[in-house]
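Asker: Next input, structure requested:
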Amino acid sequence: MSLQIASHEIRHVLVVEDNPGAREGYQYTLEDMDLEPVLEMGPLGSLDAYISTVAGRCEAAICDHHLKESGYAGFNGAKLVAEMNSRRQPAVLCTAWEEAVVDEIRLFRKDIPCLLKPGEFDPESFQRALEVCIDEFRGHFQPSRYPSRTLVRVEAVDQDNVYVVLPGWNPQEVIRLTRAAISPDVHLYIEAGARLHARVNIGAERQDELYFDQWEGK
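Answerer: Next up, the predicted model:
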């Protein structure tokens, strides 16, 4: 059997998860959907080496985030999911660490259309997540994901972080960004009081859902 979403026929789903018990749980759910799980036992090595093996073995993926710490992979899941989605292979990040490591995940959030928590994963939520990914491939964004050019006001700066406000999102809430989350092209302009612009999904409900792209300086 397979799952047909727009022009994507999904039959094989890659399962990238370092916990054997969680991996087995994903397997059962995918089998309930009449999909064929492709279980990765690890170790997976570097992302560059691994990503080249993915295309011919699956049409979609479900992936945990914390993969490096156990030695299961040389990369964490957000980076893999973003890379697969940038190649138009729908991939869903499933992690309980979304808020705890928001800075790390935000670097790749533009190319992570849908993020699930482990307790939310079931056949209905996974199919919907794949639909969201494929819709974005086709240029159809949910309101919470649509990138709009917006003002980014710099409130304060320290050695590693930049604190900004998005008047078009919530003028009362300060957002901490790592410098790595900001294009090097505008680092020259970063100082307290600076006004920058970026493409941001200002329809997001929560701060951890925000992503920033196409930065512009003065």
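Asker: in this structure, which spans are strands?
Answerer: Remark: strands assigned in the chain by DSSP state E are 3-5, 8-10, 12-16, 36-40, 60-63, 91-94, 115-116, 148-157, 161-166, 170-178, 195-200, 212-216.
Asker: Identify, out of those strands, the most deeply packed stretch.
Answerer: strand 91-94 (a mean of 28; mean count of other CB atoms under 10 Å). Placement of C-beta: from N, CA and C, glycine included.
Asker: Quick check: neighbours of it in the sheet, parallel or antiparallel?
Answerer: strand 60-63 (parallel), strand 115-116 (parallel) (DSSP bridges).
Asker: will you turn these into JSON lines that also has distance to Gln214?
Answerer: Putting the strands paired with strand 91-94 into JSON lines (distance: least, CB to CB, whole Å) gives the following:
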{"stretch": "strand 60-63", "distance to Gln214": "26"}
{"stretch": "strand 115-116", "distance to Gln214": "22"}
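Asker: okay, these in JSON lines with mean pLDDT and distance to Arg195 next?
Answerer: JSON lines is the format used below for the strands paired with strand 91-94 (pLDDT from 0 to 100; distance: least, CB to CB, whole Å):
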{"stretch": "strand 60-63", "mean pLDDT": "97", "distance to Arg195": "37"}
{"stretch": "strand 115-116", "mean pLDDT": "94", "distance to Arg195": "30"}
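Asker: Contacts only, for Tyr163.
Answerer: Val154, Glu155, Ala156, Val157, Val174, Ile175, Arg176, Leu177 (CB atoms under 8 Å, 6 or more residues apart in numbering).
Asker: mind running it again at 7 Å?
Answerer: Each residue near Tyr163 by CB atoms under 7 Å, 6 or more residues apart in numbering is listed here: Glu155, Ala156, Val174, Arg176.
Asker: isn't the third one right next to Glu155, touching?
Answerer: Same thing as Val174. Yes. Between Val174 and Glu155 there is a contact under CB atoms under 7 Å: 5.8 Å.
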